[in-house]
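Asker: Need coordinates for the following:
(one chain, ligands or ions: 1)
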Amino acid sequence: MASESRHDVGAETDFAEGSITKVTVDDRDLVIVKQDGRVYAMPDRCTHAKYPLHDGELEAGKIKCIHHGATFDLESGKPTMPAFKKLELFDATVEEGRVVVTIQTA
Ligand code: FES
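Answerer: Numbering: from 1, shown residues only. Predicted coordinates:
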């Protein structure tokens, strides 16, 4: 049965504008991105060759994997070459100054 778990990953002020931060929740490595005042959460794993994304770079609306150059849209997870598979995105919100990530499990 599907369920969801909510995780407080830190104060919003811990995440600087334009930053990519690695966090671990429930033994899962995630990255938290802050861009244009919004927070995004995703696995710390590129869908191309599974290298980490926390050492990547941000472009407007996208995170770029530095290993072979794939980019992923921060709103949709849509990839560019050489990745073909969408990046999973987790719901990330700011609640009373805290960043909260919700993970759905099947
Ligand atoms: S591992 Fe990310 S582009 Fe290849």
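
Asker: so residue 63 touches residue 78, yeah?
Answerer: No. Counting by Cβ atoms under 8 Å, residue 63 sits too far from residue 78 to count as a contact (11.5 Å). In short, each C-beta sits where N, CA and C put it, glycine included.

Asker: who's residue 90 bridged to?
Answerer: residue 41 (DSSP bridges).

Asker: Contact partners for residue 81?
Answerer: residue 70 (Cβ atoms under 8 Å, 6 or more residues apart in numbering).

Asker: Against the ligand, how distant is it?
Answerer: Going from residue 81 to the ligand by Cβ to the nearest ligand atom, to the nearest Å gives 9 Å.

Asker: Where does that residue fall, secondary structure wise?
Answerer: Residue 81 is part of no helix or strand when elements are defined by DSSP states H and E.

Asker: Overlap of the contact sets of residue 63 and residue 78?
Answerer: Joint contacts of residue 63 and residue 78 (Cβ under 8 Å, 6+ apart) are residue 72.
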